[in-house]
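> mind folding the following:
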Amino acid sequence: MPETVDTIREVLIDTLELTQSPDELTRETALFGALPELDSFGVVTLVVAIEERFDIVIDDDEFGEDLFETVGSLTDFVDAKLAA
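All right, here's what the predicted structure looks like:
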């Protein structure tokens, strides 16, 4: 299974229909506020895709701008959920 960050990149590109390649999305790539595709609807769509891909549940109280700050922050969150 690929590393979490690789899967996060795939989910971001597929779900938000981004034109970037996976290599262009580094851990430091800004997300919310930087990607026009990641609006309120995009966040909901992305959360559903992540929940399905990783078989996790993201609770409403876990949503926050820090979660979607960068590819790295989202990856770290998913890794923590998987470890729990």
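
> switch to C-alpha atoms for all contacts and neighbour counts from now on
OK.

> okay, now the unreliable bits of this structure?
Residue ranges of the chain with pLDDT under 70: 1-2.

> contacts for the longest helix along it, please.
Ranked by residue count, the top helix of the chain under DSSP state H comes out as helix 40-54. Residues outside helix 40-54 that contact it (CA atoms under 8 Å, 6 or more residues apart in numbering) are 8, 11-12, 15-16, 56-58, 82.

> just those: which are in strands?
Using DSSP state E, no member of these falls in strands.

> list buried residues within those.
Neighbour-count burial (16 or more other CA atoms under 10 Å) is assigned, among the contacts of helix 40-54, to 8, 11-12, 15-16.

> returning to that earlier point: nearest to D39, out of the contacts of helix 40-54: which one, please.
Nearest to D39 among the contacts of helix 40-54 is L16, at 9.8 Å by CA to CA.

> isn't the closest one up against P36?
No: in this structure, L16 is not within contact of P36 by CA atoms under 8 Å, at 9.5 Å.

> hmm, back to that, using PDB, write down the CA coordinates of the longest helix of the chain.
Taking Å, rounded to 0.1, in the frame of the first residue of the first chain, the C-alpha atoms of helix 40-54 are listed here in PDB:
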ATOM      1  CA  SER A  40     -17.100  24.500   1.300                       C
ATOM      2  CA  PHE A  41     -18.600  21.900  -1.100                       C
ATOM      3  CA  GLY A  42     -15.100  20.700  -2.000                       C
ATOM      4  CA  VAL A  43     -14.300  20.200   1.700                       C
ATOM      5  CA  VAL A  44     -17.400  18.000   2.200                       C
ATOM      6  CA  THR A  45     -16.600  16.000  -1.000                       C
ATOM      7  CA  LEU A  46     -13.000  15.600   0.000                       C
ATOM      8  CA  VAL A  47     -13.900  14.400   3.500                       C
ATOM      9  CA  VAL A  48     -16.300  11.800   2.100                       C
ATOM     10  CA  ALA A  49     -13.600  10.600  -0.300                       C
ATOM     11  CA  ILE A  50     -11.000  10.300   2.500                       C
ATOM     12  CA  GLU A  51     -13.400   8.500   4.800                       C
ATOM     13  CA  GLU A  52     -14.100   6.000   2.100                       C
ATOM     14  CA  ARG A  53     -10.500   5.500   0.900                       C
ATOM     15  CA  PHE A  54      -9.100   5.100   4.400                       C
END
